[in-house]
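everything below, folded, please.
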Amino acid sequence: MTKKVEFLFDVGSPTAYLAYTQLPAIAERSGAEIVWTPMLLGGLFKAVGNQSPAFLKPKSEWMSKDIPRFAKRYGVPFRSNEHFPVNTLGLMRGAIAAQEDGILEKYLSCVFSAMWVNSKKMDEPDIVSSTLVEGGVDSARIFERIQEQSVKDRLISNTESAAERGAFGAPTFFVGDDMFFGQDRLDFVEEWLSS
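Residues are numbered from 1 along each chain as shown. Okay, the predicted model is just below:
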């Protein structure tokens, strides 16, 4: 049986972006499959009584230093998004649609880079559309699909399930029944996958 790591994420989280840049190599080294699980971070916060670090000044200030440290360690580009926090409802519905259409990898490459490398305002439909087109994604289809009730329902279901399983933020990982929170716990994720 193939080992699996479930990755619960929202593209509005800079730490989810960092995890996204590292997880494929970890999965490859461990011979594991990634189960991509888009969820809505704002919905999860509401469900469990948490809030964005953007609204907690000490944590926000600390993260503004810590995230660039990890980006440097990982050797990946990173730029704080000047529009943060960004409403990611449409983007995460788009992730569901892209996943169902078999283009999630291409979609996430566009969106994560736009958010955390190019500092784009990714809750503006025109900006999202041009970003997707530049990345080779059919933006018209994504915009059409995010209006479908089945797409909306799946995002709600993923978010509710995350809360029920004990998640309280992003990124969250599950290896079997074991939960790990934060991109700075990827070493534990790899350890669990390799055991």
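
CA only for contacts and neighbour counts going forward, please
Fine.

can you tell me the helix or strand for the closest residue in space to residue 143 that isn't next to it in sequence?
Nearest non-adjacent residue to residue 143, counting by C-alpha to C-alpha, 6 or more residues apart in numbering: residue 94, 7.4 Å away. Assigned by DSSP states H and E, residue 94 falls within helix 89-100.

can you point out the buried residues in that helix?
Neighbour counts over helix 89-100 (16 or more other C-alpha atoms under 10 Å) mark 89-99 as buried.

for residue 32, state which of these is nearest.
residue 99 (18.7 Å; C-alpha to C-alpha).

can you read off the pLDDT for the closest one?
pLDDT, residue 99: 98.

hey, where'd the helices end up in this structure?
14-30, 41-48, 57-74, 89-100, 104-116, 125-134, 139-145, 149-164, 186-194 (DSSP state H).

what's the closest of the ones you listed to residue 174?
Of the helices of the chain, nearest to residue 174 by C-alpha to C-alpha is helix 186-194, at 8.1 Å.

so how far is residue 146 from residue 104?
Remark: distance between residue 104 and residue 146 (C-alpha to C-alpha, to the nearest Å) = 14 Å.

which of those two has more neighbours?
residue 146 (21 against 18; other C-alpha atoms under 10 Å).

any regions of the chain where pLDDT drops low?
Flagging of the chain using pLDDT under 70 yields the residue ranges 1.
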